[in-house]
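Chemist: need a structure here:
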Amino acid sequence: MDEGYRKQKIREWYVEYSDAIFRYIVLMIGDREQAKDLTHDTFLKAFHRLEGFQGEMSDKNWLYRIARNATIDFIRKRKPLHYVTEMFTGMGGATPEDVVEAGEEERMVYDAMSRLKRSYREVLLLRKIKGLSIRETADVLGWKESKVKTTLSRALQAMKAQLEKEGYHRE
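Modeler: Okay, here's the model as predicted:
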């Protein structure tokens, strides 16, 4: 596969998927500036690994998997206390305009989600926010479909409990 083709393919994917990848990473780490860097890293890694991509999953899922792994690597390299502190500030790097725009209800949902364990956040983000199928979510996370279903069920229960704990009651 020649370099020109790889560059063109990555450009196409960047146009199509970069916003979704960026939002996924922001929701995982809460830092918009770092999410920009990790989004860039995702597409750079995809460029270098494109020859090895055999189409065993969709382009989008392959990019989500690269983004997920880059994000996990980033989290592991950070000082754990710093990460935990950011997690409890809710939307982390969001600007006041972003919070206002998102609306109070949505902010409460994301705040509650940020307090869930990582596997719950990941499955909720991919299934409920990004709209991936169970199979696609399993591909991105490297899990079996049954694990996606079980984890999603537990994540939804944990999310409901967290929202109730924080005083959110839907009318």
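Chemist: Tell me how far the longest helix seen in the chain lies from the chain's centre.
Modeler: Secondary structure of the chain per DSSP state H: the longest helix is helix 3-29. With CA atoms, centre = their mean, to the nearest Å as the basis, helix 3-29 stands 13 Å off its chain's centre.
Chemist: Report the buried residues of it.
Modeler: 6, 9-10, 13-14, 17-18, 20-29 (16 or more other CB atoms under 10 Å). All C-beta atoms are positioned from the backbone trio N, CA, C, and that covers glycine.
Chemist: Can you name the element that comes right after that helix?
Modeler: helix 32-49 (DSSP states H and E).
Chemist: and the angle for that next one with helix 3-29?
Modeler: Orientation of helix 32-49 against helix 3-29 (axes from the mean of the first three to the mean of the last three CA atoms, to 10 degrees) gives an angle of 150 degrees.
Chemist: May I have the residues that are in contact with the spatially most central residue of the chain?
Modeler: Nearest residue to the geometric centre of the chain (CA atoms, centre = their mean): Tyr24, 3.1 Å. By CB atoms under 8 Å, 6 or more residues apart in numbering, the contact list for Tyr24 reads 64, 67-68, 125-126, 130.
Chemist: can you do 10 Å?
Modeler: Listed by CB atoms under 10 Å, 6 or more residues apart in numbering, the contact set of Tyr24 reads 17, 35, 38-39, 42, 63-64, 67-68, 71, 122, 125-126, 129-130, 140.
Chemist: Tell me the one of the residues you listed nearest Met113?
Modeler: Relative to Met113, the closest of those is Leu125; by CB to CB it sits at 7.9 Å.
Chemist: if I look at that closest one, how far off is Asp111?
Modeler: Separation of Leu125 from Asp111 (CB to CB, to the nearest Å) stands at 14 Å.
Chemist: okay, these two: which has more neighbours?
Modeler: For Leu125 and Asp111, the more surrounded residue by other CB atoms under 10 Å is Leu125, and the numbers stand at 22 against 17.
Chemist: Can you tell me the closest non-neighbouring residue to the more buried one?
Modeler: Spatial nearest neighbour of Leu125, excluding adjacent residues (CB to CB, 6 or more residues apart in numbering): Leu27 at 5.5 Å.
Chemist: list the contacts for that neighbour?
Modeler: Applying CB under 10 Å, 6+ apart, the residues contacting Leu27 are 35, 71, 91-92, 110, 113-114, 121-122, 124-125, 129-130.
Chemist: Now stretch 2-9 - C-alpha only, CSV.
Modeler: Backbone C-alpha positions of stretch 2-9 (Å, rounded to 0.1, in the frame of the first residue of the first chain) are rendered in CSV as follows:
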residue,chain,number,x,y,z
ASP,A,2,1.6,3.2,-1.1
GLU,A,3,2.0,6.3,1.2
GLY,A,4,-0.2,8.5,-1.0
TYR,A,5,-3.1,6.1,-0.7
ARG,A,6,-2.6,5.8,3.1
LYS,A,7,-2.6,9.6,3.4
GLN,A,8,-5.8,10.0,1.4
LYS,A,9,-7.6,7.3,3.4
